[in-house]
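In: This is a predicted model, with the sequence first.
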Amino acid sequence: MQIVGSSVEKTTESHVRALSKKGAGKQIDYSDVLILNELNRDIGELAKNIRGFIRDQVTGFKKKGVVLGVSGGIDSAVALTLCVQEFGKENVYGLLLPEKESAPSSKTLGAEICESLGVQYEEVPISPIIEALGIYDKKEQIIKKTCPEYDPKIHKTSLVLPDFLNQGLLNVPYIRLIKDGETISRYRLKANDYLELIGLQNVKQRSRMIVQYMYAEKLNYVVCGTTNKTELVLGQFVKYGDGGVDLEPLADCYKTQIYALAKYLEVNEEIIKRPPSADTWSHYTSDEEFYWRMPIHIMDQLLYAQEHKLPLEVAERNTGLPGDIIEKAWRHIDRIRDTTEYVRSAPPVYYLDR
């Protein structure tokens, strides 16, 4: 993954260094550090830097333009807009890659932003790939075994984890059954079934990447990723799926900064308000319900405070959480970071020492 250093982060580091210098030999005063303000600082400059990064990478690869999977979500909308601003609409190609469990709004919003930017795009459903591999059938078998009352004709499903702020370190995945928009039951998943479900679901992202590279190689374009910093730190992407790209222009932007960029770039308000999701379950499941387990503005402030080694009391004041909950959350984040390290790492390559 290629990562751009953001002007926001550099500005904040200078701010923290200045506080440290000012407080040399005495207790440092962090009373004026407002994390959300720091994250939303200099968004125009950040957008400019990312556009420059995109141009440097594409020209460095000696390619003519950019292919991007457009999901109707905020990350792909921001990345698409920045690519168009830098290369022009004629050098950017959008792909809508729905499958039968995708939310209809994903395709609608994806098409709308491509059309608003004048970007040529194409819809390539990936359901035939998923069906050929038996993914839907295998997934249904696990759900039926876990949830005896499950009927695919009347129920939609999602995979959720307990809310961290209310249930702490409990990390038990559940299948949720939804009928007519209402949750009617939850069933705890066994560890082996959970791992198999994750493997089956990840085939969807890997199938999308196969299609993106097919088009990129035909057009002599690069594949642009949409993973942000929050997702990168937490390993919230699929290796050789949405993580298998040529460049990641948003990978040093926390999700909070993506929202600020979207407003700055005047992205469709409906996209901005849409809850982020991998969109791989029949019931639209937000990242907050499964990955983050807490509101994104809380998660980003915890990640930011941890990254910049801010004192506990600063995190308390900014998040409104008690210190013991914050410390548990930091331990939880550390554990996630450790267990997902393999997702971020490049494959080891053996070279014969001659």
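Out: Good, I have the coordinates.
In: contacting residues for Lys255?
Out: Counting by CB atoms under 8 Å, 6 or more residues apart in numbering, Lys255 touches 228-231, 276, 296, 299-300. C-beta: built from backbone N, CA, C; applies to glycine.
In: Could you find the closest non-adjacent residue to Lys64?
Out: In space, and not counting its chain neighbours, Lys64 is closest to Asn220: 5.0 Å by CB to CB, 6 or more residues apart in numbering.
In: hang on, isn't that neighbour packed against Phe61?
Out: No - with contacts counted by CB atoms under 8 Å, Asn220 stays clear of Phe61, the gap being 9.7 Å.
In: Could you pull out the strands in this protein for me?
Out: Under the criterion DSSP state E, the chain contains strands at 66-69, 92-96, 120-123, 156-160, 174-179, 182-188, 222-223.
In: Against Leu117, how distant is the nearest residue to Ser116 once chain neighbours are set aside?
Out: Distances taken as CB to CB, 6+ apart put Asn268 closest to Ser116, at 7.1 Å, once the chain neighbours are dropped. The gap separating Asn268 from Leu117 is 10 Å, by CB to CB, to the nearest Å.
In: repeat for Trp330
Out: Between Trp330 and Leu117 the computed distance is 40 Å (CB to CB).
In: Tell me how this protein divides into domains.
Out: 7-134+192-344, 135-191 (automatic domain parsing).
In: among the ones you listed, which is the most enclosed?
Out: Most buried of the domains of the chain by mean neighbour count (mean count of other CB atoms under 10 Å) is domain 7-134+192-344; its value is a mean of 18.
In: That one: how far from the chain's middle?
Out: Centroid displacement of domain 7-134+192-344 relative to its chain, using CA atoms, centre = their mean, to the nearest Å, is 4 Å.
In: returning to that earlier point: just the contacts of Lys255 now: which is nearest Ile198?
Out: Glu231 (15.6 Å; CB to CB).
In: got the residue ranges for the helices in the stretch 51-200 of the chain?
Out: Along the stretch 51-200 of the chain, the segments classed as helices by DSSP state H, counting those that start in this stretch run 74-87, 104-117, 127-132, 135-146, 164-167, 191-219.
In: pLDDT weak spots in the stretch 1-150 of the chain?
Out: The stretch 1-150 of the chain contains residues with pLDDT under 70 at 1-31.
In: quick one: terminal-to-terminal distance for stretch 241-252?
Out: Across stretch 241-252, the terminal residues are separated by 19 Å (CA to CA, to the nearest Å).
In: Please apply the same query to stretch 281-301.
Out: End to end - CA to CA - stretch 281-301 spans 28 Å.
In: do the same with stretch 176-196
Out: Start-to-end span of stretch 176-196 (CA to CA) is 17 Å.
In: quick one: contacts of it?
Out: By CB under 8 Å, 6+ apart, stretch 176-196 touches 138, 142, 145-147, 149-150, 154-160, 172-175, 197, 283.
In: hang on, the earlier thing: the residue nearest to Ser116 is in contact with Cys114, isn't it?
Out: No - judged on CB under 8 Å, Asn268 makes no contact with Cys114 at a distance of 11.2 Å.
In: how far away is the residue nearest to Leu133 when sequence neighbours are not counted from Ala132?
Out: Leaving aside its sequence neighbours, Leu133 sits nearest to Val203 (CB to CB, 6+ apart; 6.2 Å). To Ala132, Val203 is 11 Å away according to CB to CB.
In: And for Thr285?
Out: 25 Å.
In: Ok, Trp292 next?
Out: If you measure Trp292 against Ala132 using CB to CB, the figure is 33 Å.
In: Show the contacting residues for Ser106.
Out: The neighbourhood of Ser106, defined by CB under 8 Å, 6+ apart, consists of 71-73, 96, 98, 279.
In: export stretch 118-125 as PDB, just CAs?
Out: The C-alpha trace of stretch 118-125 is given here as PDB (Å, rounded to 0.1, in the frame of the first residue of the first chain):
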ATOM      1  CA  GLY A 118     -19.200  13.000 -15.900                       C
ATOM      2  CA  VAL A 119     -17.200   9.800 -15.400                       C
ATOM      3  CA  GLN A 120     -17.700   6.900 -17.700                       C
ATOM      4  CA  TYR A 121     -18.800   3.900 -15.700                       C
ATOM      5  CA  GLU A 122     -20.100   0.300 -16.100                       C
ATOM      6  CA  GLU A 123     -22.000  -2.100 -13.900                       C
ATOM      7  CA  VAL A 124     -20.500  -5.600 -13.600                       C
ATOM      8  CA  PRO A 125     -22.500  -7.800 -11.200                       C
END
